[in-house]
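In: here's my sequence, what's the structure:
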Amino acid sequence: MILNTQRFRSLISKFRNKFNRPPERDMIIGAVLRNKHIITEDQLNRALDIQKSKLIENGQAVPLGIVIAELGYASESEIVHAVNEHYKLSVSSLSDNIRELVNTLRGTFVERLPSPRMPIWFQLAVTTILVIVLTAVSLNFFILNRQKEQLYDKTVKVGLVNLNYFDNNARVPLLEDNLLQLNSLVKNATEVEGIVYAYITDNNGQVKAHTDLNKIGTGLEKFKKVTNVTKQDNYTYFNHVMPDGRRVINLNRPIVFKKKTLGSVGVGVSIEFIEALIEKERTAVIFITLGVIIVGIAVAVFQGLRYSKPIKTLMVATQEISDGNYRHTIQLNRNDELGNLAAAFNKMNDQLWKNSLMQESFGKYVGPQVLEMIMDDPQSTWLKGRRNEATILFIDIRDFTSFSDGKEPEHVVVMLNEYFEIASASITEFGGYIDKFMGDAVMGVFGVPVYRKNHVERAVKAAMSLQKTLHKLNKGANRLFASVGIGIDTGIVVSGNIGSQAKMEYTVIGSSVNVASRLNGLAGPGETIISKNVYDQVKDIVNVETLTERRIKGRFDTIDIYKLLDIKEAS
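Out: Next up, the predicted model:
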C-alpha cells in the first residue's frame, strides 16, 4: 500500500511538472542543456522552481542560465557554448538577451517582427484624439437621446394644447348638436404642423366633427395596431397605424360639462413628423461633432508635434554631449518647463565644456595618471604624503647654457619643445609620468602614483628607447638631441601633494631623487648612468659598462655606477 502511494505521488509530480513547465520557447537554455545532457531533468526542474521563486520574491525575472550557473550545475562558458552551438549564435555571456536573439532567428513571423516604434508626438496625438472622439461620441449619444425625448414631449404637448382647445370650445355646440360650429373648430387643425387629424364624437361614438368630412355622421373607426397605451389624468394617448401606413400618436379626452360627459375629442400627431425633427437635429449634432473631432485632431497633432520636437532636440543634444561636443547648444523659444529645461541644459553644457578645458589643461600639468586618479576619487587621501617604492629618471641636456647663448629665444624654445615631446612620449609609453620640467631637464617617475611591480625595468627601457630615438633624429637640425644625458635610481620615496593652498604640486621626495639627479650630472652626451640599486634589479636584461666608484654630493660614501649600453634582445 505504501509503495502504491509513493508511486501515485511520483506520477502526480511528473504530471504536474509536465503541465506547469513553461513552454519550450521560455526554456531556451534549459531545453538545450537538457538535450545535450549537460544538466539532468531534475536539475532543470530545480532551476525552474528557483527561478519562479525569485520572480515572486523580487518581482523581476532572473535568466534561467544564470540560475543554473549559480546552482553549479554548469559553468557559464559551458552554457554559452551550448547555446551558440545549438542556435548558431555568437553570444558572449549570459547577460545577453538570448531569448530575443533566438526568437529573431527561430521564432514565429510575429515574434520576428521588430517592436513597433511610435514617436511621442504620435502617442500624444492618438491619446488626445481618442479622448476627444470618445467624449464627442458620448455627448452626441446623450444629446440625441435628450433631443429625441424633448421633441417627442414637445409634439405631444402641441397635441394636448389642441385637445384642450377643442374640449373647451366644443361643449356648448355639442349640447346644441351644432355640427357646423363643431366642424369649424376642427377644420383648421391639420394646418398645425404635425397634426394629422382631429375629431369630436358624442357619447354614442358617432363622429360629429372630423377633419375628414366623409367620416362625419359615422361611427368612429377602430384603431389598428395599437401600442404604447398611456393614461394620464383625464386624457389617453397611444400609437397606431392608419390605413395608408402612417404611424400616428392618438390623443383623446372626454368632453365634460358640469360633471356630465358629453362625448370625446381626439387629435392625431404624426410620428414621422417627430422622427423627421429628430433626424434633422441628429444631422446637426453629427456635423457639429465631426467639426469638433476634426478641430480636436488638428489641435492634438499640433500639440503632439509641439511637445515632441523639443524632446527630439534634447535627445540630439544629449547624443552630442555623449560624443564630447560640449559646444552644442539648444535654441528653444518657449516660456514653459521645456524652455527652462533647454536653458538648464545649455548651462550644464557650458559648464561641462569649461570642465573639459580645465581637465585637459590640468592634465598637462599633473600628468594623465595623476589626473585620472584625482577625477576618479577627488576626496581620496592618496594625495597626502605616502611612502612608496619608485624609480626616478632625470633627463638633461649637456652644455645647454653655452648652446643657447647667442641664439634667438624663440628658436631655443622651439628646439626645447621638440626635445620635451620626445622625452615625454618615451616616459609615458612605458608607464611613467612626467613629474616636472626644470629648465632643460625632465624628471620622470615610475611606480607612483600607479604602482607597477616592474617599474625599474620600465624606467630603464624608457631611457634606452629615448636615447635611440634621439640618436636617429640627431641627423636633423636640432643639435640638442645628441647632448642628452640620463640618470636613474630607485628606492623609497614619499609621494603626495606639496605646496600651499594657493598652489599645490604632486611630486616625490627622497634620496633616490637626489641620487638620480647627481647621476644625471655624471652622464655625458648620449649616455645613461644607473645606480647599483637599479642594476641589481635589471642585470639579467641589460648590458652595462661598470664605471669607477664615485662620491656624489649629499652622500658620505661612494656608490657603484654603471653606464647602460643596451637592452638584451631576449628581454
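In: map the structural domains onto the sequence of the protein.
Out: In the assignment given by automatic domain parsing, the structural domains of the chain cover 2-112, 141-277, 367-567.
In: out of those, nearest to Val301?
Out: Closest to Val301 of the domains of the chain, according to C-beta to C-beta: domain 141-277, at 25.6 Å. Using the backbone N, CA and C atoms, a C-beta is placed for each residue, glycine as well.
In: okay, now the nearest residue to Glu281 once chain neighbours are set aside: neighbour count?
Out: Once its chain neighbours are removed from consideration, Glu281 has its nearest residue in Gln147; the separation is 4.6 Å (C-beta to C-beta, 6 or more residues apart in numbering). In terms of burial, Gln147 registers 17 neighbours under the definition other C-beta atoms under 10 Å.
In: next one: Arg247
Out: Once other C-beta under 10 Å is used to define contacts, Arg247 is seen to have 17 neighbours.
In: for Ala298, same thing?
Out: Taking other C-beta under 10 Å as the criterion, the count of residues near Ala298 is 12.
In: pLDDT wise, what is it at?
Out: According to the per-residue confidence, Ala298 scores 82 in pLDDT.
In: what is the one helix or strand it maps to packed up against?
Out: Assigned by DSSP states H and E, Ala298 belongs to helix 271-322. Using 3 or more C-beta pairs under 8 Å, 6 or more residues apart in numbering; DSSP states H and E as the contact definition, the elements that helix 271-322 packs against are helix 120-175, strand 247-257, helix 337-366.
In: returning to that earlier point: lowest average pLDDT across the domains of the chain?
Out: The stretch with the lowest mean pLDDT among the domains of the chain is domain 2-112, which comes in at a mean of 68.
In: give me the neighbour count for Asp42.
Out: Applying other C-beta under 10 Å, we find 9 residues neighbouring Asp42.
In: name the element it belongs to?
Out: Using DSSP H and E, the element containing Asp42 is helix 41-58.
In: quick one on the thing from earlier: quick one: the helices and strands packed on helix 271-322 as CSV, columns for distance to Phe394 too.
Out: Formatted as CSV, the helices and strands packed on helix 271-322 follow (distance: least, C-beta to C-beta, whole Å):
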stretch, distance to Phe394
helix 120-175, 62
strand 247-257, 116
helix 337-366, 19
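In: show the backbone phi and psi for Ala441.
Out: Its backbone dihedrals place Ala441 at phi -100, psi 150, with angles given as degrees, to the nearest 10.
In: deepest of the helices and strands packed on helix 271-322, which one?
Out: strand 247-257 (a mean of 19; mean count of other C-beta atoms under 10 Å).
In: Ala343 is nearest to which of the domains of the chain?
Out: Of all the domains of the chain, domain 367-567 sits nearest to Ala343, with 27.3 Å by C-beta to C-beta.
In: partners of the strand or helix carrying Val494 in the sheet?
Out: Following DSSP H and E, one finds Val494 within strand 484-499. Strands adjacent to strand 484-499 in the sheet, as given by DSSP bridges, are strand 386-397 (antiparallel), strand 504-509 (antiparallel), strand 528-531 (parallel).
In: for Gln123, which of the ones you listed is the nearest?
Out: Put simply, out of the strands paired with strand 484-499 the one that sits nearest Gln123 is strand 504-509, at 53.3 Å, with distance taken as C-beta to C-beta.
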